[in-house]
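Engineer: Here is the input, now give the coordinates:
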Amino acid sequence: MKLTKIFSTIAFLSLQLGCISQQSKNVDFSVQDQLLANVYDKYYENRLDYGDSYGEARDTILIRFRETLLKVISDKESISHSFDSLNSKIKIIVSEDQKLRIFSWDELNGGTWHIYNSIFQYKENEMYSFGDLKIVQKTPNSSSYSDVAYVHIDKLSDTEYLLKGYGTHGGGQDFYVFRKITFKNNQARDCDRCFNGENQLLFIKPRADKTSPVFKSSSNTIELPEYKENENTGFLEKTGNTITHSYKNGNFIKTE
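Structural biologist: From the prediction side, this is the model:
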């Protein structure tokens, strides 16, 4: 098994985006926040209830949660609200410049394979967009590691961000994904082959190992602990080395 697996996507973000020209009047986002938290609580309570036929109970609530969230953040003024109640239920992260926010939640399907969904909102001056962080053009490998919860945002430039996502597909392993997202002309797009010629950077490790790859803004580098497969056990083991990807001229290049 390769230590750091990098896979490509001919990708741009699903343009389930909204451009809001008018803002709602007298919207109490604290009420909307509590409503979203209550819907997710309802989903959590019914996560094992599939009803008489698949999708009748829990999946209906999950769809309602997603649609309600999209409706609430369709108002560009919502980006100024902290959504504290919802943040206690799901993962919400915000960029340091406060322009980009990502909501991620677990579908709670049971077992060690987790499926996460993520929705973003972005506002810069009068430009506002929101939608799903999904890849719509896929290569054979691109869809396998897209169901992540985003855990960190680093700002690369005024309109470019490095997203770090976490996921697990069971089998005693979990993984991290890095994506470089650019906002331009009211659209959000993945980079074009900016990770050693690939569109995303994937790092797989043993789930028992709490090591996490990091982006260091001081040096503009992504650092990954190196793993190799033990020939006798078949398990990944640390070598003690670090693999570095340096950010130069809009690309992350692996350095020896």
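Engineer: Determine the three-state secondary structure at V31.
Structural biologist: The three-state assignment at V31 reads helix, by DSSP: H, G, I helix; E, B strand; the rest coil.
Engineer: okay, now it: neighbour count?
Structural biologist: 10 (other CB atoms under 10 Å). Every residue, glycine included, has its C-beta placed from N, CA and C.
Engineer: just D132 next, same as before
Structural biologist: Around D132 there are 17 residues (other CB under 10 Å).
Engineer: What separation do you get for it and S118?
Structural biologist: 7 Å (CB to CB, to the nearest Å).
Engineer: tell me the secondary structure for L36?
Structural biologist: Per three-state DSSP, L36 ends up helix.
Engineer: just checking, it touches N87?
Structural biologist: No - counting by CB atoms under 8 Å, L36 stays clear of N87, with 10.1 Å between them.
Engineer: re the thing from before, and for D132 and S118, which residues touch both?
Structural biologist: Counting by CB atoms under 8 Å, 6 or more residues apart in numbering, no residue touches both D132 and S118.
Engineer: how about low-confidence regions in the stretch 151-256 of the chain?
Structural biologist: Along the stretch 151-256 of the chain, the parts satisfying pLDDT under 70 run over 256.
Engineer: quick one, strands of it?
Structural biologist: 160-167, 173-184, 187-190, 201-206, 214-216, 221-229, 236-248, 251-255 (DSSP state E, counting those that start in this stretch).
Engineer: Turn the ones you listed into CSV, columns for mean neighbour count and distance to R58.
Structural biologist: As requested, the strands of the stretch 151-256 of the chain are exported to CSV (neighbours: other CB atoms under 10 Å; distance: least, CB to CB, whole Å):
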stretch, mean neighbour count, distance to R58
strand 160-167, 21, 20
strand 173-184, 20, 24
strand 187-190, 18, 30
strand 201-206, 21, 29
strand 214-216, 15, 36
strand 221-229, 18, 36
strand 236-248, 14, 34
strand 251-255, 16, 39
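Engineer: Dump the ones you listed to a markdown table, plus distance to F103.
Structural biologist: Shown next, in a markdown table, are the strands of the stretch 151-256 of the chain (distance: least, CB to CB, whole Å):
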| stretch | distance to F103 |
| --- | --- |
| strand 160-167 | 13 |
| strand 173-184 | 15 |
| strand 187-190 | 15 |
| strand 201-206 | 23 |
| strand 214-216 | 21 |
| strand 221-229 | 24 |
| strand 236-248 | 26 |
| strand 251-255 | 26 |
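Engineer: among these, which is nearest L70?
Structural biologist: Nearest to L70, of all the strands of the stretch 151-256 of the chain, is strand 187-190, at 14.9 Å by CB to CB.
Engineer: packing partners for that closest one?
Structural biologist: The contact analysis (3 or more CB pairs under 8 Å, 6 or more residues apart in numbering; DSSP states H and E) places strand 187-190 against strand 127-132, strand 173-184.
Engineer: Quickly run through the sheet partners of that strand, with directions.
Structural biologist: strand 173-184 (antiparallel) (DSSP bridges).
Engineer: How far off centre is the strand it pairs with?
Structural biologist: Distance of strand 173-184 from the chain centroid (CA atoms, centre = their mean, to the nearest Å) equals 7 Å.
Engineer: Show me the helices in the stretch 51-200 of the chain, by range?
Structural biologist: 58-73, 84-87 (DSSP state H, counting those that start in this stretch).
Engineer: Tell me, what's the model's pLDDT at G51?
Structural biologist: In this prediction, G51 carries a pLDDT score of 75.
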